[in-house]
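Chemist: After the sequence you'll find the predicted model.
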Amino acid sequence: MKNGQPAEGPVRVGLISLGCAKNLVDTEIMLGSLLKDGLEIVNDAASADAVIINTCAFIDAAQAESVDTILESAQVREAQNRGQALIVSGCLPQRFRGELPRLLPEVDAFMGIDQVAQVSSIVQQALQQRAQRMRNAERKTRNSKSNAASRLAELNRHLAATTHDQEETLGGSEKFDKTKAAIAQRAPRAARRARVGRPASSIRHPASPLVNVQVRPSYIPDYATPRFRLTPRHFAYLKIAEGCNHPCSFCVIPRMRGSHRSRPQADLIAEARQLIADGVKELNLISQDSTYYGFDLRPNRAASIASPEKFSAAAKNLPATAPTLCTLLRELNALAGHFWVRLLYTHPAHWTDELIQTIAECPKVARYVDMPLQHIHENMLERMRRETSRQYIVDLIRKIRADIPGIAIRTTFIVGFPGETEACFQALLEFIRETQFERVGVFTYSQEAGTRAAKMENQIPDRVKKQRRDQAMAEQLRVARRICASFVGRTIKVLAERETSENELRNTSVVSWEHGLIREASAGRSPLDHRRYFVARGEADAPDIDGRVYVRGEQPLGEFAFVKIIGHTDYDLIAEPA
């Protein structure tokens, strides 16, 4: 690239994806759109004409990673390719669309969730923007070497000092599900009213970055949307819905991702059928609330349904032809082929007897459920606005386990939430001991600007949060060891993924922005020796976040096999071919 103009040939684009599996699907859609439009994808960011960073803004640590990655990319550009356009997409601009152009002037374009399929056009506009900046030799810029922490601190100070959360936070307000507007930067109220519906590029100052962000996203992909998968050949993520209607007091997802919107069932089946034909052996169903799938499509819907009682009543009154998670699972189960369907991101308030029966009756649906509970103490559940009681949760888990033999339950908990007393925390530890969850992740509470919880009294010190997280993880470690030991001598079905390395055998720490601290490095010597091992996953193991099965001896990669469990680590199983 020279003077902001790409060299002869197709525009070269590098892409960095951060965050969750749902974000990864958005990245895959952007890649598919870029390739369809004739742009070239490169792995070396320094050689790219444009770099896209698809960001996460779920909690403070994810925001820090996103900002740090942006600043690092800007430094690489400054040192090696000053004409390169830098584009930021995803949840960070979706959440902080009004502040980022000022705080991150290194960026040439910000794009929201609704714009993923328009990425090729935005790349071209960003290249023009970069060329204009390159021609403006007198333009003053902020030093890109200032760290992510200082930028985030400034951002949060700005949020705290303005009415941003009242005026732009849509979830839980009367504006939710009604307002659609493009905002480039803060402006007087009258000017903002005049801007509603106008594209962001038409309202920005010529010297400021391109901002193309819809206030409340409404986009959802379909089967016809180009997509270039980044997962291995044998598994894929199938995004069944987007957005969330829940009012959780700690969460910013409805603000960033919009209200719940389901894909048509026929469209999902068409995509699943193609994925299976391409060799996929595991379909991972993802959304913000998979159990709400289809309910936004019901006829004459007046509002979203939150409480278990109202949801159960609405489910019973649905027309026979209405799409639900149950109808989707049954149709996926009926597809030809040898594969698993894995259900992720379910909400405890939206489970029904029919869903439990459906999973039990569908052999291709993995005996696994991901159901974040966040806490168990009544006071915490109420303050978190989780819509469920302790007794409801206990009864639901008991019924799931009784009616679906062998099912593994994954959950997550938040410790250090405002007002969490020592008694509340001890109730959580007791619940972990009693319930014996197969998989658990633990978060320390993250105080997110614009949420109800951020303004609550009795905020917990970081030191106490970390102590409680460590205590909860120690409690779950004891549970995990007992569960792993119970598998020794059993033969299970696994999906072989890859050959492992000696370094991987030593590194067993796993952390996820969505699932919290999942495991820490095992204490003492690992029982794994220096023989050849292949990494596999059983039905109880979702990609990246759960346990592994280390199989001695060669396995057919990307295929199912039966193995005998001969040992275990703290969290993983050791096996040999059956």
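Modeler: Happy to help now that I have it. Residues are numbered from 1 along each chain as shown.
Chemist: where exactly do the strands run in the stretch 401-550 of the chain?
Modeler: Under the criterion DSSP state E, counting those that start in this stretch, the stretch 401-550 of the chain contains strands at 408-415, 439-444, 491-499, 510-512, 516-519, 533-538, 549-552.
Chemist: Relative to Ala336, which of the ones you listed is closest?
Modeler: For Ala336, the closest of the strands of the stretch 401-550 of the chain is strand 491-499, at 18.4 Å, according to Cβ to Cβ. All C-beta atoms are positioned from the backbone trio N, CA, C, and that covers glycine.
Chemist: buried ones in the closest one?
Modeler: Neighbour counts over strand 491-499 (16 or more other Cβ atoms under 10 Å) mark 492, 494-497 as buried.
Chemist: orientation of that strand relative to strand 533-538 in degrees?
Modeler: 130 degrees (axes from the mean of the first three to the mean of the last three Cα atoms, to 10 degrees).
Chemist: Now strand 491-499 - C-alpha only, CSV.
Modeler: What follows is strand 491-499, C-alpha atoms only, in CSV (Å, rounded to 0.1, in the frame of the first residue of the first chain):
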residue,chain,number,x,y,z
THR,A,491,-16.3,-46.9,27.8
ILE,A,492,-17.5,-43.7,26.2
LYS,A,493,-18.0,-42.2,22.8
VAL,A,494,-15.7,-39.3,21.8
LEU,A,495,-15.0,-37.0,18.9
ALA,A,496,-11.3,-37.0,18.1
GLU,A,497,-9.9,-33.6,17.4
ARG,A,498,-6.1,-33.4,17.1
GLU,A,499,-2.8,-34.7,18.3
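Chemist: That one pairs with which strands, parallel or anti?
Modeler: strand 533-538 (antiparallel), strand 560-568 (antiparallel) (DSSP bridges).
Chemist: among the ones you listed, which is nearest Glu331?
Modeler: strand 560-568 (21.8 Å).
Chemist: Give the buried residues for the closest one.
Modeler: Going by neighbour count (16+ other Cβ under 10 Å), the buried part of strand 560-568 is 560-561, 563, 565, 567-568.
Chemist: Could I get the average pLDDT for that strand?
Modeler: The predicted model assigns strand 560-568 a mean pLDDT of 93.
Chemist: hang on, the earlier thing: need the strands paired with strand 491-499 in CSV (columns: distance to Asn245).
Modeler: Below are the strands paired with strand 491-499 laid out as CSV (distance: least, Cβ to Cβ, whole Å):
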stretch, distance to Asn245
strand 533-538, 32
strand 560-568, 37
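Chemist: nearest to Met384, of these?
Modeler: For Met384, the closest of the strands paired with strand 491-499 is strand 533-538, at 31.0 Å, according to Cβ to Cβ.
Chemist: Tell me how far Phe534 lies from Glu499.
Modeler: 5 Å (Cβ to Cβ, to the nearest Å).
Chemist: Mutual contacts of the two, please.
Modeler: Common neighbours of Phe534 and Glu499, using Cβ atoms under 8 Å, 6 or more residues apart in numbering, are Leu557.
Chemist: that older thread, columns distance to Ser249 on top of the strands of the stretch 401-550 of the chain, output as CSV?
Modeler: Compiled in CSV, the strands of the stretch 401-550 of the chain are given as follows (distance: least, Cβ to Cβ, whole Å):
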stretch, distance to Ser249
strand 408-415, 11
strand 439-444, 14
strand 491-499, 38
strand 510-512, 22
strand 516-519, 18
strand 533-538, 34
strand 549-552, 38
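Chemist: Give me the below-cutoff pLDDT ranges for the chain.
Modeler: 1-8, 137-149, 152, 155-207, 302, 502-530 (pLDDT under 70).
Chemist: So which residues of the stretch 51-200 of the chain form strands?
Modeler: Applying DSSP E, counting those that start in this stretch to the stretch 51-200 of the chain gives strands spanning 85-90, 109-111.
Chemist: Output the one helix or strand Ala272 maps to as PDB - backbone C-alpha positions only.
Modeler: If you go by DSSP states H and E, Ala272 is part of helix 265-277. Coordinates of each C-alpha in helix 265-277 appear next as PDB, following Å, rounded to 0.1, in the frame of the first residue of the first chain:
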ATOM      1  CA  GLN A 265     -36.600 -23.000  11.500                       C
ATOM      2  CA  ALA A 266     -36.500 -24.000   7.800                       C
ATOM      3  CA  ASP A 267     -33.500 -21.700   7.300                       C
ATOM      4  CA  LEU A 268     -31.600 -23.300  10.200                       C
ATOM      5  CA  ILE A 269     -32.400 -26.800   9.000                       C
ATOM      6  CA  ALA A 270     -31.100 -25.900   5.500                       C
ATOM      7  CA  GLU A 271     -27.800 -24.700   7.000                       C
ATOM      8  CA  ALA A 272     -27.500 -27.700   9.300                       C
ATOM      9  CA  ARG A 273     -28.100 -30.000   6.400                       C
ATOM     10  CA  GLN A 274     -25.300 -28.300   4.400                       C
ATOM     11  CA  LEU A 275     -22.900 -28.400   7.400                       C
ATOM     12  CA  ILE A 276     -23.500 -32.100   7.900                       C
ATOM     13  CA  ALA A 277     -22.800 -32.700   4.200                       C
END
